[in-house]
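>>> Structure for the following, please:
(2 chains)
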Amino acid sequence: MWTKIKWGIRILLLVIVGLFLHYTLPQRDVVQIINTYNKNTPIGANWMFYSIEDTGTGVETTAAVRDIRYIDAVFPDGQSVMVYRNEDTGWFWPPYFKWDSSTLQAEATNLKSDKANPQWVAVTHYGWRMPIFSIFPNAVKITPVEGPEVTLIPWVNIIILGFLAFVILMIRRMWAQFRERMVDPALADVGETFDAAGARVENARKEARGFFGRIGAWLGTWRAKK
Amino acid sequence: MGWLRLAFVMYVALTIIYFVTGIYSRSVRREKLEKEWDTDPAREGLTAQERSAFIEAGMVHYDKGLKKRLLWLIYILPTVGFLVTIYFINWH
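Model prediction:
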């Protein structure tokens, strides 16, 4: 029972961390841009999936509506599509420090193409497209690529995940060192104290045998402790 | 103003990491020196004072060494990482 709960919590934590990383780390789609536009976007309970206020993406027309840039794109299969939002991230999470959404929108418009002679681009983005919550991945960078079959190696993710693994390893080693050098000696001390206390109790018990012994032991409790 | 808040929080966090890592690094070095002394047959029978003198000398050597200076990377690497990110996202 207890092991099941423990494993349940562990798996849940792992899933949360995995989803968090999947949302935050950059991913690249090879797509063809078909449209770029602005749209007044109402932001309500899904605010968490948009940039924080005052990052300077377009004007916030009222408290809850923001003028946001969007980029429409189609995947190489010609059918599945993706809508990216194009917002500054500002100085907050996720730490992309993107301030060039105007420039990025111009680049996107410049790379727009029709189906007859498609221009393929790699759109670096983070985030998810989830229609129920009206959330869109945020495009961070757009670079032209040779064609739809280009292979892109996610170096940034390899470096970040490798670094995270290193940090976890170091935390484990630090904790092990802390236990070995600080906690275990302290526990050993406590253990010795307990042993000593046990020996004292044993002596007291031996002395307390018999009537006079008991009186002697009682008198003994009034003596100064050695 | 956003960047000031971020920089402040980041350097406070990095300072904590710097000190914790520093303590860890010293502890590892001290343990290594202790083991070096304890496993050396030539040093058997020497006094505890000589042992602690050996360890203290080793720690003084560590404090002047390269490994301790490498700990400054805890500040340097994130700063460089942020600057590189800003450059590649906005200008490259």
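>>> tally of neighbours for the closest residue to chain A within chain B?
With CB to the nearest CB as the measure, B:G2 is the residue of chain B nearest to chain A, at 3.2 Å. Yep, even glycine has a C-beta here, placed from its N, CA and C like the rest. The local packing of B:G2 (other CB atoms under 10 Å in any protein chain shown) involves 13 other residues.
>>> And for A:Q105?
Count around A:Q105 with other CB under 10 Å applied: 19.
>>> near chain A, which residues of chain B show up?
Taking CB under 8 Å from any CB of the partner chain as the measure of proximity, chain B contacts chain A at B:2-3, B:5-6, B:20-21, B:24, B:27-28, B:31, B:82, B:85-86, B:88-90.
>>> Which single residue in chain A comes nearest to chain B?
Among the residues of chain A, A:W91 lies nearest to chain B; the distance is 3.2 Å by CB to the nearest CB.
>>> Which of the helices or strands spans that residue?
A:W91 is located outside every helix and strand, with elements delineated by DSSP states H and E.
>>> How about it, nearest residue that isn't a chain neighbour?
Here the nearest residue to A:W91 in space, its sequence neighbours aside, is B:G2; by CB to CB, 6 or more residues apart in numbering or on different chains that works out to 3.2 Å.
>>> Thought A:T89 was touching the one you found, still the case?
No. Counting by CB atoms under 8 Å, B:G2 sits too far from A:T89 to count as a contact (10.4 Å).
>>> What segments of chain A are strands?
For chain A, the strands defined by DSSP state E occupy A:27-42, A:65-74, A:81-86, A:120-126, A:138-144.
>>> JSON lines for the ones you listed, including mean neighbour count?
Converted to JSON lines, those look like this (neighbours: other CB atoms under 10 Å in any protein chain shown):
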{"stretch": "strand A:27-42", "mean neighbour count": "17"}
{"stretch": "strand A:65-74", "mean neighbour count": "20"}
{"stretch": "strand A:81-86", "mean neighbour count": "21"}
{"stretch": "strand A:120-126", "mean neighbour count": "20"}
{"stretch": "strand A:138-144", "mean neighbour count": "21"}
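>>> all helices for the chain, in order.
Unless you meant another one, I'm taking chain A. A:2-24, A:101-110, A:155-178, A:184-207, A:211-220 (DSSP state H).
>>> Please refer instead to chain B.
Under DSSP H, chain B gives helices at B:2-38, B:48-64, B:66-70, B:73-90.
>>> before we move on, back to that, please name whichever of the strands of chain A is nearest to A:S113.
Distances from A:S113 to each of those were compared using CB to CB; the shortest belongs to strand A:27-42, at 6.0 Å.
>>> Nothing else from me, thank you.
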